[in-house]
Structure formats: C-alpha cells, structure tokens
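Q: need a 3D model of the sequence below.
(one chain, ligands or ions: 1)
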Amino acid sequence: MNALLQNVDRVLISQEELQKRVRELGAQISADYHDLNPLLLCVLKGGFLFLADLSRALTIRHGVDFMAISSYGNSTVSSGVVRILKDLDTDISGRHVLIVEDIIDTGNTLAYLLENLRVRQPASLRICALLTKPARRQVPLHIDYVGFEIPDEFVIGYGLDFAEDYRNLPFIGVLKREAYASSP
Ligand code: PRP
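A: Residues are numbered from 1 along each chain as shown. A predicted model of the protein is given here:
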C-alpha cells in the first residue's frame, strides 16, 4: 500500500465522505424503487466497490449483474472507442435497470451503453454515478443519481485505477502527475 500511497497527491474524497454519500444514495434509491425489484447493472471494473457498498446500503429487494466495457485501455484519455468485454447474464426486458458507474467523464461509454440497453426494452433505465466530471462531457447525459461532481483531475481509488493499480485505496485521491506522465 505504501508504494501506492506515495503516488497520491492528495485525498479528494475521504473514506468517511464516500460511505456517508453511499448511504444517502442507498436510502434515496430504496425509496424511489420500493417494490420494483430493480436490477443494479455494475459497469466493471471500476464500479465493483461502489456496487458492493451501494447494494448493502439498499433496504429493498434487488438484483445485481455485471457488464465489462472498455473505453480507455491503459491510457489516461478517453478514446470514445467502446467494446463489450462481458455482457449481462440477465434478460432485462421489463426490468427496472439502474446502471451503476464509478465515473462519467466524456460520457461516451454511457451514451453507447444506454443505446445498447434500450434496444432490450427495460421497464426503465436510469444512471447512478459515484463521480462525474461535468467539465469533460462530450455527450449530453442526464444522470439520475450523482455521488460527487469533481474537477478535471486524474482520480484513483475506490475502484478507479491507473494501469490496474490503486483500485483498492479506500478513498478517492488525485494521482501525482509524475506517476502517469512518464508511463507508456
Ligand atoms: C471508466 C469508467 C467508465 C468510463 C467513463 O472505465 O468506469 O466506464 O471510463 O469514461 P467516459 O465517460 O469518458 O466514457 P475504464 O474504461 O477506465 O475501465 P475500468 O472501469 O475497467 O477501469
């Protein structure tokens, strides 16, 4: 862990702030989806910790399923190129689907995902994003549940990675520039 921490410039959102906000989102979603048995669709990999905590913050019946989508590779810049690496196991026709994302940056990934999922005719389709960077948006998106709006900085931790590292940090931190600027 120390090797990871030395590349963190500063903590942007603490573990306590994250847990408090996830509990608030859980209460709000539980109220909004009462009796609807929603399916929480976790977008891997970054969404895995948020999904785990959000699911435990819900007080209602719900399902979980997972999709893996690649937009970044190991680069720090969104390419807009989206590939489905793993599709859902669940038939979402007639289901109330809530997409659970760690971060929305340009919006390209979500725009693609929404289009792909609407064809499957869910009863409803909404978005819950822990983090959003409004300054970076290239595609207009309505995000139904937002954890935090953040500035345009390279953030890691709580599921978010750089080249697969830092996902296990319990807070959202800003990565030191030298930690990624010299990387291929
Ligand atoms: C991140 C994030 C979103 C996407 C957002 O995933 O989880 O899926 O990028 O970026 P966009 O709004 O610019 O499209 P990433 O491709 O880094 O994969 P990972 O979750 O497996 O780390």
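Q: got the CA positions of stretch 158-169 in PDB?
A: Presented in PDB, the C-alpha positions along stretch 158-169 are these (Å, rounded to 0.1, in the frame of the first residue of the first chain):
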ATOM      1  CA  TYR A 158     -12.400   3.100  -4.600                       C
ATOM      2  CA  GLY A 159     -12.500   1.100  -7.800                       C
ATOM      3  CA  LEU A 160     -10.700   3.600 -10.100                       C
ATOM      4  CA  ASP A 161      -7.400   2.600 -11.400                       C
ATOM      5  CA  PHE A 162      -4.400   3.800 -13.300                       C
ATOM      6  CA  ALA A 163      -3.000   0.800 -15.300                       C
ATOM      7  CA  GLU A 164      -4.900  -1.500 -12.900                       C
ATOM      8  CA  ASP A 165      -3.300  -0.100  -9.800                       C
ATOM      9  CA  TYR A 166      -4.900   1.900  -6.900                       C
ATOM     10  CA  ARG A 167      -8.400   0.400  -7.200                       C
ATOM     11  CA  ASN A 168      -8.100  -0.800  -3.500                       C
ATOM     12  CA  LEU A 169      -7.500   2.600  -2.000                       C
END
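Q: now it: mean pLDDT?
A: The pLDDT scores in stretch 158-169 average 97.
Q: identify the bridge partners of the nearest residue to residue 149 once chain neighbours are set aside.
A: Closest residue to residue 149 apart from its sequence neighbours, by CB to CB, 6 or more residues apart in numbering: residue 132 at 5.5 Å. C-beta: built from backbone N, CA, C; applies to glycine. In this entry, residue 132 is beta-bridged to residue 104, residue 149, by DSSP bridges.
Q: need phi/psi at residue 87.
A: phi -90, psi 170 (degrees, to the nearest 10).
Q: next: the one 4 residues further on.
A: With angles defined as degrees, to the nearest 10, residue 91 sits at phi -80, psi 120.
Q: ok, it - contacts?
A: Residue 91 is in contact with residue 120, counting by CB atoms under 8 Å, 6 or more residues apart in numbering.
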